[in-house]
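1. the sequence and its predicted three-dimensional model are supplied below.
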Amino acid sequence: MRGNYVIGIDFGTDSVRSILVNANNGEEVSSDVFYYPRWAKGLYNDAERNQFRQHPLDYIEGITATIKRCLELAGPERASQVVAISVDTTGSTPIAINKEGVPLSLLPEFAENPNAMFILWKDHTAVAEAKEINTHAEKYDNNYLKYVGGVYSSEWFWSKILHISRVDERIRDNAYTWIEHCDWVPFLLTGGNSADEVKRGVCAAGHKGLWAEEYQGYPPGEFFEGLDPLLKGHVEKLGTGTYCSSESVGKLSAEWAEKLGLSTNVSVGAGAFDCHMGAVGGEIEPYFLSKVMGTSTCDILVVPGELDFTVEGICGQVNGSVIPKMTGLEAGQSAFGDAYAWFKDLLMWPLIELLGKDHEQVIQAEKKIIPMLSEKASAIKPKLSQPMAIDWLNGRRTPYANQNLKSAFFDLNLSTDVILLFRAVVESTCFGAKKIVECFIDQQIPVKGIIALGGVAKKSPFVMQMMADIINMPIKVHKSEQTCALGAAMFAAVVGGIYETVEEAMEKMGQGFDVEYQPNPELAPIYAERYKKYSQLSDLLENNLYHV
């Protein structure tokens, strides 16, 4: 039997993970994780300004280390049996490249310039530019934002390009074009040496870049030049064609084949965002909401065929962005696990200051504090009078993106303790998840069930049970610890010719589900009342109380 092994690479916020998979049955033969060293040191970031940047060397080193380790663990005979590699990344995470397709931060003169780095999905330095794009779009009879939910976000491609072009003249003058992280990695692995030959995935282009079938590409150049003359000529350099993730963009280059210990016969698939490939790894079904739950959430729903209307307030609807011949709908929350991490950091500060971050008690406390809070909070029955939180610690992604929004606590008094505060934070993230479900249902997109993926889904029964109670819908959790990487591997199996369709790859390689959370009928009515209060308070906060 010919080689039936594939590699899925998943670039997360803090690390990259690769898995070597037997495509015959979905068995994860080996895996490895590489934590970005520059990111871990906090280089190029400024949290106070919401600036989050990553150096391409973190990614290059991560690809090399994880794939070589996977092959080492699996045994040398597996390398010759690998037929394809596919990649997912966070997004929108663009970077400026020169005419040869080299990221500017890989050039000596820009090696330490944050504006030459990849602009991570959670970077919100382009809030003003996003607002301008939304205002500018209103001038046109054709609504160029209708396929991204009607509101453009500071987390997305054009906002970030415009912001960097304005604040850094040297980057502006040296950038030939811009590229998404999920498009750059396949370009890198296939030995690309011309920015004009980049093969861009429909996932990133459609959900974040304003590409649409209706326009046979992007909005016209006059739209972007009218927004700001600094954008003149940029859209033309992106081309008009896009690729589904089930398509190959080329073969592994001789340089990368030698570096990794693989063959130049290995096919490389078109890249996509992590949540879209994660939905496939989690065996998504039509009208089931797939929630990739990590630092943020990214929610994916697929509809067979094409929709004859546009869904407002979401993060895009794109034909083929998840599964070919289906419409992919994306939503999400800008902070989910990040909200819990923020709360933990508040509590850890005195210990770190008193004992030092390397003290054994501090290390143990960091590991135990969230599980301990969860255990204590799960024993408390919800009441309408308990503290309430709004989950906008990193702005709001869906419904209707608005990164200007801030979080808030309500109904605190001298009896409020740390357990009630933690419970309010968790509850707020679950209320935010319910808002997304309602956004779809209110616009005639049924939600038949929820599939949960990612670290929070696997590690926190407290969060998952509360979410099931609040949404009042069963939630099933996928078995795989690496659903995004597994999804990438499934796409690689199609790219490599092992399977003809993504659906077939899911059926053969899927790992199934290991737990299902059922809503508690006694608690659902209480949460329904608290949700009404959450909605009233969030409306007050957004519309009347506080503006940035």
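-> Looks like it arrived, so ask away.
2. now the strands for the stretch 151-300 of the chain?
-> 177-180, 248-251, 267-269, 272-273, 288-293, 297-304 (DSSP state E, counting those that start in this stretch).
3. pick the most deeply packed of those strands.
-> Across the strands of the stretch 151-300 of the chain, averaging neighbours per residue (mean count of other Cβ atoms under 10 Å) puts strand 272-273 on top, at a mean of 34. From N, CA and C alone the C-beta is placed, and that goes for glycine too.
4. average pLDDT for that strand?
-> Mean pLDDT, strand 272-273: 98.
5. so what does it touch, helix or strand wise?
-> strand 82-89, helix 202-208 (3 or more Cβ pairs under 8 Å, 6 or more residues apart in numbering; DSSP states H and E).
6. how does it look with 10 Å?
-> Judged by 3 or more Cβ pairs under 10 Å, 6 or more residues apart in numbering; DSSP states H and E, strand 272-273 is in contact with strand 82-89, helix 181-189, helix 202-208, helix 274-281, helix 483-495.
7. now the first one, how far from the centre of its chain.
-> If I follow you right, that is strand 82-89. How far strand 82-89 lies from its chain's middle: 18 Å, per Cα atoms, centre = their mean, to the nearest Å.
8. skip ahead from it and say which helix or strand is next.
-> Proceeding N to C from strand 82-89, the next assigned helix or strand is strand 94-97, under DSSP states H and E.
9. which strands and helices sit next to that following strand?
-> strand 118-119, helix 157-167, helix 169-174, strand 177-180, helix 181-189.
10. swap in 6 Å and give it another go.
-> Counting contacts by 3 or more Cβ pairs under 6 Å, 6 or more residues apart in numbering; DSSP states H and E, strand 94-97 packs against strand 177-180.
11. just the C-alpha atoms of the strand it packs on, please, in PDB.
-> Provided in PDB are the C-alpha atoms of strand 177-180 (Å, rounded to 0.1, in the frame of the first residue of the first chain):
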ATOM      1  CA  THR A 177       1.800  43.600  -0.700                       C
ATOM      2  CA  TRP A 178       0.500  41.900   2.400                       C
ATOM      3  CA  ILE A 179      -0.200  38.200   3.100                       C
ATOM      4  CA  GLU A 180      -2.100  36.200   5.800                       C
END
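12. what's in contact with that strand?
-> By Cβ atoms under 6 Å, 6 or more residues apart in numbering, the surrounding residues in contact with strand 177-180 are 91, 94, 96-97, 161, 195, 198, 204, 237.
13. out of these, which are buried?
-> Among those, those classed as buried by 16 or more other Cβ atoms under 10 Å are 91, 94, 96-97, 161, 195, 198, 204.
14. and of the contacts of strand 177-180, the nearest to residue 438?
-> residue 91 (25.1 Å; Cβ to Cβ).
15. picking that back up, of all the buried ones among the contacts of strand 177-180, which two lie farthest apart?
-> Farthest-apart pair in the buried ones among the contacts of strand 177-180 is 91 and 195; separation 18.8 Å (Cβ to Cβ).
16. hey, which helix is longest across this structure?
-> Across the chain, the longest stretch assigned as helix under DSSP state H is helix 418-441.
17. and that helix, how far out from the chain middle?
-> Taking Cα atoms, centre = their mean, one finds the center of helix 418-441 at 19 Å from the center of the full chain.
18. the helices and strands packed on strand 272-273 into CSV, with extra columns for distance to residue 169?
-> Converted to CSV, the helices and strands packed on strand 272-273 look like this (distance: least, Cβ to Cβ, whole Å):
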stretch, distance to residue 169
strand 82-89, 28
helix 181-189, 23
helix 202-208, 25
helix 274-281, 33
helix 483-495, 37
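19. that older thread, which helices and strands sit right next to the longest helix of the chain?
-> Contacts defined by 3+ Cβ pairs under 6 Å, 6+ apart place helix 418-441 against helix 337-355, helix 360-378, strand 388-390, helix 461-471.
20. and for stretch 231-242, what's in contact with it?
-> 177, 200, 202, 205, 217-218, 221, 224-225.
21. mind checking which of these are buried?
-> Neighbour counting by 16+ other Cβ under 10 Å classes 177, 200, 202, 205, 217-218, 224 among the contacts of stretch 231-242 as buried.
22. which two of the residues you listed have the greatest separation?
-> Taking Cβ to Cβ, no two of the buried ones among the contacts of stretch 231-242 sit farther apart than 202 and 224, at 19.7 Å.
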